[in-house]
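Enquirer: Next input, structure requested:
(one chain, ligands or ions: 1)
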Amino acid sequence: MPEVDDAPVIVSSAPGSFARSVLAERHPALIQQVRDAFPWSPERHRALGALLRSCTEGVIEPLDPGAHDRERWDVWGSEYFGRSWFDVPFLWSESYFYRRLLEAVGYFGPGLWHGTDPFAPFKRAELRGSLVDDELAALDALAGRPVEERATAYLQASLWGNRADLGFAVGSPGAADTGSTAGAARREDPPPLVADDSDVLWSLLPKDATSAERPSGAGTSGSPRTVHVIADNSGRELIPDLVLVDHLLTTGRADEAVLHVKPYPYYVSDATMADVVDCARRIAQASGSAGGAGKRLWAAMGDGRLDVRTHGFYCEPFPYSEMPADLRREFAGAALTIVKGDLNYRRLVGDRLWPPTTSFAERTAHFPGPVAALRTLKSDVIVGLDPRTVARLEAADGSEGPGDGAKQGWRTSGTHALVQVGPGNPGMW
Ligand SMILES: O=P(O)(O)OC[C@H]1O[C@](O)(CO)[C@@H](O)[C@@H]1O
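Expert: Purely as a prediction, here's the structure:
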């Protein structure tokens, strides 16, 4: 095992590696799906074809000269232009792929395709689906349950909602169908979490017995207790995230919540503001308990207890240890920041082949306050496991560790999940 400081950065060149399969198989498949999803003009088809050639057999090239962010990417890509997509850090190449895909469909351009989310048809289809109906209806069964039980169910739903990732389904037919969101409460046989700091998470958000007597928005210390959620996917992940937020607000575990979303479409199903509106509307229009939660969320957005924010950093190809000072300040004051999903996890702990027993608290010591990761495992990165868990997972897989190609099922298949909490370092900002 490498020493922690020497952990190799993940690139996509290793034959049989997960990162290679994403670039070699998922990205071309995604380009085809996007091609088929709209009646693009010849110019857009040409651009998509050029991107396909570049990312499979060509080299990385700078953005178009007129791109609004060309200067920034020129700096960020200066080491990588002219090289194969497979030879540069996976975190960088994947992020740049999505930036180039938006360029190819004219998302930032002056034409009529400006602002068209190329993933919107997939997101809409998911929201319309009966699985969402079932999951919202499942909330009724929880309504009369003790508050602790509900809290656990909402947290689990938010966690497993990360499995229902549209991008994850590209190249793995059926994978996204097995995820569960609000329906985690009725999941019959939940696989055990590979790490579970749920108790620590709840201890950071004690129920506030005095909340009914306090002036609105003021915690016991006089300042509001704020929980930030850095969202990941829209649809069947964002819906249970919002239900969890509603629970935190209605039970006084949080006075205010801040939901952070992407400034523009990214990684297929990542949530943007438009997706928040669609999901909030979907919940509010449901009947029963879900509808009640939706209406409360709608009201909370109206009175400022639920704020939705974004930042350019969320679509940049960098780890959270490099986040800018303005974002740092936001998280520094939070009771807790919940970081959702696989990509955010990679960015939180660093996209490297860490020994899996590396301390999560140490890897997240750069974060400016308490931080919780809720993630299903969909890439090679993992830290914070105890040695027995690693041995069990590797034995079950017949795997010999990262780089062991196809045998890395537990790390990448989305069948395992974790809740990890670290104290961060409030002094860091
Ligand atoms: O939506 P999530 O949970 O961030 O998952 C995204 C993950 O999917 C992939 O893009 C491809 O499977 C991974 O590289 C990435 O980490």
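
Enquirer: remind me which residues of the stretch 301-429 of the chain are low pLDDT?
Expert: By pLDDT under 70, the low-scoring segments of the stretch 301-429 of the chain are 399-408, 428-429.

Enquirer: Pull up the residues of it that are close to the ligand.
Expert: Residues of the stretch 301-429 of the chain lying close to the ligand by C-beta under 6 Å from any ligand atom are Gly341, Asp342, Leu343, Arg346, Lys378, Ser379. The way it works is simple: take the backbone N, C-alpha and C, and place the C-beta from them, glycine included.

Enquirer: The residue nearest to the fifth one when sequence neighbours are not counted: neighbour count?
Expert: Ranked by C-beta to C-beta, 6 or more residues apart in numbering and with sequence neighbours excluded, the top spatial neighbour of Lys378 is Asp342, at 4.0 Å. Burial of Asp342, expressed as a neighbour count using other C-beta atoms under 10 Å, amounts to 24.

Enquirer: With Pro191 instead?
Expert: 12.

Enquirer: Next: Arg35.
Expert: Arg35 has 17 nearby residues by other C-beta under 10 Å.

Enquirer: cool, and Thr357?
Expert: 15.

Enquirer: so how far is Ile382 from it?
Expert: Using C-beta to C-beta, to the nearest Å, Thr357 is found at 10 Å from Ile382.

Enquirer: same deal with Asp117?
Expert: Taking C-beta to C-beta as the measure, Asp117 falls 31 Å from Ile382.

Enquirer: and what of Gly288?
Expert: Using C-beta to C-beta, we find Gly288 at a distance of 38 Å from Ile382.

Enquirer: Pick out whichever of those two has more residues nearby.
Expert: Taking other C-beta under 10 Å, Gly288 and Ile382 do not tie; Ile382 has more neighbours (29 against 14).

Enquirer: That one sits in which helix or strand?
Expert: For Ile382, there is no host helix or strand (DSSP states H and E).

Enquirer: Quick check: phi and psi on Val421?
Expert: Here the main-chain torsion angles of Val421 (degrees, to the nearest 10) amount to phi -130, psi 140.

Enquirer: who does it bridge with?
Expert: Judged by DSSP bridges, the bridge partners of Val421 are Ala372.

Enquirer: what ranges do the strands span in the protein?
Expert: In the chain, strands defined by DSSP state E lie at 195-196, 226-230, 256-261, 306-310, 336-340, 371-376, 417-422, listed in chain order.

Enquirer: Quick one: residues in contact with the second one.
Expert: Residues outside strand 226-230 that contact it (C-beta atoms under 8 Å, 6 or more residues apart in numbering): 205, 241, 244-245, 248, 253-260, 314, 330-331, 333-340, 344.

Enquirer: Was I right to think Ala137 contacts Ala143?
Expert: No. Counting by C-beta atoms under 8 Å, Ala137 sits too far from Ala143 to count as a contact (11.4 Å).

Enquirer: More neighbours: those two, which one.
Expert: Higher neighbour count among Ala137 and Ala143: Ala137, with 17 against 11, using other C-beta under 10 Å.

Enquirer: List the contacts of the residue nearest to that one when sequence neighbours are not counted.
Expert: Nearest non-adjacent residue to Ala137, counting by C-beta to C-beta, 6+ apart: Gly288, 6.8 Å away. By C-beta under 8 Å, 6+ apart, the contact list for Gly288 reads Leu136, Ala137, Leu139, Asp140, Ala143.

Enquirer: Tell me which of the residues of the stretch 301-429 of the chain next to the ligand fall in helices.
Expert: Asp342, Leu343, Arg346 (DSSP state H).

Enquirer: Tell me how far the first one lies from Arg225.
Expert: Going back to what we said before, that points to Asp342. Distance, Asp342 to Arg225, using C-beta to C-beta: 28 Å.

Enquirer: and if you look at the second one?
Expert: Between Leu343 and Arg225 the distance is 28 Å, computed by C-beta to C-beta.

Enquirer: Ok, the last one next?
Expert: From Arg346 across to Arg225, the span is 29 Å (C-beta to C-beta).

Enquirer: More neighbours: which of the two?
Expert: Neighbours were counted for Arg346 and for Arg225 using other C-beta under 10 Å; Arg225 has more, 25 against 22.
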